[in-house]
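Novice: just need the structure, nothing else, for what follows:
(2 chains)
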Amino acid sequence: SQTIHQWPATLVQPVGSPLSLECTVEGTSNPNLYWYRQAAGRGLQLLFYSVGIGQISSEVPQNLSASRPQDRQFILSSKKLLLSDSGFYLCAWNTGGELFFGEGSRLTVL
Amino acid sequence: GIQVEQSPPDLILQEGANSTLRCNFSDSVNNLQWFHQNPWGQLINLFYIPSGTKQNGRLSATTVATERYSLLYISSSQTTDSGVYFCAVENDYKLSFGAGTTVTVRA
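Specialist: You can find the predicted model right below:
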């Protein structure tokens, strides 16, 4: 069966520090991969999506970037975090149909 | 992009009550999903329902794609139904979410 793993689950980072969130999917090949962000008490905002290795589409201009170095690996990065980057980050995958989410990574920037 | 509107934004129910959540969307979509976000933030898939009606226990959903809306029914609500319910629609690979309906079920 397919599973999705996301880590770290929680992190507290100072302003200006780098960020790396990682997501891997098991049990499927060539999935579409997504990064969403949810601010406290708000809905989900699509940040990036990828339909294949090295193919990244950005939905919202920001100081975040995404990479897909392998078929089932999706990484969210930042060189210098801002206070406004705090939130709940969710990785998701599908193969054209139903979307499935990871457990999420809760980021607090101080 | 596609606009997704959910109503009501908040709903308070007494345990055992029934309720209907609504999702309107602004354009044709390839699929529609309903999710429940639990207090720990996990998003649970409820229904994948681009059209028609589906039922799963006390929950059911109906999507009328031609009229661009979907309904989620909760019957005999329980305290474990509390949380935020999201509707999401897909167009061109991307799933766009509504702002959610926060449901509180009181014992």
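Novice: what about stretch A:102-110, near chain B?
Specialist: Yes. Judged by Cβ under 8 Å from any Cβ of the partner chain, stretch A:102-110 and chain B are in contact via A:103, A:104, A:106. Where C-beta positions appear, they are placed from N, C-alpha and C, glycine not excepted.
Novice: ok, the first one - how many residues close by?
Specialist: So the one you mean is residue A:103. Other residues near residue A:103 come to 16 when the count uses other Cβ atoms under 10 Å in any protein chain shown.
Novice: now do stretch B:54-63: distance to the chain's middle.
Specialist: 10 Å (Cα atoms, centre = their mean, to the nearest Å).
Novice: please report how far the residue most central in space within chain A lies from residue B:98.
Specialist: For chain A, the residue sitting closest to the mean C-alpha position, by Cα atoms, centre = their mean, is residue A:35 at 3.4 Å. Between residue A:35 and residue B:98 the distance is 19 Å, computed by Cβ to Cβ, to the nearest Å.
Novice: same question for residue B:38.
Specialist: Residue B:38 sits 18 Å away from residue B:98, going by Cβ to Cβ.
Novice: who has more neighbours, these two?
Specialist: Comparing residue B:38 with residue B:98 by other Cβ under 10 Å, the one with more neighbours is residue B:98, at 24 against 12.
Novice: I'd say that one and residue A:43 touch.
Specialist: Yes. Proximity of residue B:98 to residue A:43 meets the contact threshold set by Cβ atoms under 8 Å, at 6.4 Å.
Novice: what touches both of those two?
Specialist: Overlap of the contact sets of residue B:98 and residue A:43 (by Cβ atoms under 8 Å, 6 or more residues apart in numbering or on different chains) consists of residue B:86.
Novice: show me where pLDDT drops low in chain A?
Specialist: Counting by pLDDT under 70, chain A shows low-confidence ranges at A:61.
Novice: which parts of it sit against chain B?
Specialist: Within chain A, the positions adjacent to chain B are A:32, A:34, A:36, A:38, A:42-46, A:49, A:51, A:59, A:88, A:90, A:92, A:97-101, A:103-104, A:106 by Cβ under 8 Å from any Cβ.
Novice: all set, thanks.
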